[in-house]
Every structure is written in C-alpha cells, then in structure tokens.
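[1] Pasted the sequence and its predicted model underneath.
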Amino acid sequence: MIILITGSAGPTGQAVSGYFEKNGHTVIGVDKDDVDLLDRDAVQALADGIEREHGRVDAVVHLVGGWRGGKTFADTKLEDWDTLHDLLVRTLQHVSLAFEPLLRESENGRFVIVSAKAAEKPTAGGAAYAAAKAASEAWTLSLADALKDTGSAATILVVKALVNDEMRAAKPEAKFAGFTDVNDLAEAVGELFELPASEVNGARRDLTA
C-alpha cells in the first residue's frame, strides 16, 4: 500500500510510519519542513506528485496536531483559536480536498484523523482546542459522506491524549491514566484496513474505552 502520513516527524508520526514500514508498505511522510500544509497549492502539488510517482494513494493518516488553552474560560485567547484553526482544521481541509479524488479510486483506501475526548466534553479552559477538534471531526464526517459509495473510508480515532516513551522517561512518576500509547494508535490505524470500508466509514472509534 501507499501510505501518506502528514505530521510524520513527531513520536506519533514515527510510530505510525514504523508500523506500516515493518509490514512492507510504502510510507510517504511529510512534515512542516517538507510541505507547507497551509498552502493549498503546495498540498495539491504533493498529491499530484504522489499520483505521478506511485499511481495511487491507499491511505492518508493526518497527524498534524497541537494544543493551546488556559485555566479558565475567561483566560481563553482568540489568538490560540487562530493557531489551532490553522493546525487542526485548515491543514485537514487542504489535505482532504487534495487527496479525496485519489482515495475515491482506491479499492480499500482510508483517511484517518486523531481527535480527542475534549471534542465531546470540553473543559472551560479548553474551549479553543475542543472547538477546533469538533470542527475537524465534522469535516472528516463530510469526507466520509463523500466516500460512502466507494471502497474507501474516513475514520475518526478518539483519544484522551497520547503518550510515548520519551514522555514516560521525562516523568517516570506519572501514571498517564487513560492515555493511548502511540504504538497502540498505530495498530488501531492498521486495523482499519482489516474491516469493511462500510463499517469504519464515518465511524468515531474511541480508543479510551
């Protein structure tokens, strides 16, 4: 399979890339130093280039993320919303719009985002983050509707937060209760290919359950 991973440089991107690489798939990882995902034309050029080189795309795993917030609702800075809108929503829009035609042609394609429990139960200080996550979910569900009559699917994976070995080493006393390990997330992405597209398209799969 040809797998595009956006936001590939961080621990989560590395875990997902490693999972697919060890299973023999071709992984194309991009990060902000490779492609400006806020530039619609640049993202379209990426999609066109992959199509020319590989002829298809079987999955897009969109892992661009970020967090901003305050202690109280009144602490909320609208500048944080601007930042999160770009990171969580605008990049998603550009990537999904550019790659939807390729996913429509795939026999078993997948588009995946990682959302957060905060989208369904926002905290007072996390208004901007929760709203951006909710918007990204709605956008992905619209993509799912566009893919409903194809062999592809768009799926939302929900976590409380993610944890990796570096975080554990930095805070050995921390429990990270309810967090999802990045390697478990990678396996959850892989499992989406083992299920019928109709079963996972538009699904919001909670990894904290």
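    Good, I have the coordinates. This one's a predicted model, so the numbers in the text were calculated from it and none came from an experiment.
[2] element containing Ala144?
    Using DSSP states H and E, Ala144 sits in helix 127-147.
[3] And for the helix or strand following that helix, what's in contact with it?
    Using DSSP H and E, the next helix or strand after helix 127-147 towards the C-terminus is strand 153-159. Residues outside strand 153-159 that contact it (CB atoms under 8 Å, 6 or more residues apart in numbering): 96, 109-117, 119, 137, 140-141, 143-144, 147, 179-180, 185, 188-189, 192, 197-198, 200-208. C-beta: built from backbone N, CA, C; applies to glycine.
[4] re the thing from before, and the helix holding Ala144, average pLDDT?
    Averaged over helix 127-147, pLDDT sits at 97.
[5] do stretch 152-164 as well
    Computed over stretch 152-164, the average pLDDT equals 94.
[6] May I see the buried residues of that stretch?
    Ser152, Ala153, Ala154, Thr155, Ile156, Leu157, Val158, Val159, Lys160, Leu162, Val163, Asn164 (16 or more other CB atoms under 10 Å).
[7] Next, find the distance separating the second one from Glu137.
    Using CB to CB, to the nearest Å, one gets 15 Å for the distance from Ala153 to Glu137.
[8] and for the helix holding Ala144, what are the contacting residues?
    With CB under 8 Å, 6+ apart as the test, helix 127-147 has contacts from 67-69, 73, 76-78, 80-81, 84-85, 87-89, 92-93, 96, 100, 103-104, 109, 111, 113, 115-116, 118-119, 122-123, 153-156, 197, 201-202, 204.
[9] In strands, which of those residues fall?
    Phe111, Ile113, Ser115, Ala116, Ala153, Ala154, Thr155, Ile156, Arg204 (DSSP state E).
[10] which ones are touching Gly151?
    Counted by CB under 8 Å, 6+ apart, Gly151 has contacts Ser106, Glu107, Asn108, Gly109, Ala197.
[11] measure it to Lys117 for me?
    Counting by CB to CB - Gly151 and Lys117 are separated by 30 Å.
[12] Look up the pLDDT of Glu53 for me, please.
    pLDDT, Glu53: 95.
[13] my bad, Trp67
    85.
[14] same question, Ala209
    Ala209 is given a pLDDT of 69.
[15] Could you check stretch 42-52 and say which residues are buried?
    Neighbour counts over stretch 42-52 (16+ other CB under 10 Å) mark Val43, Leu46, Ala47, Ile50, Glu51 as buried.
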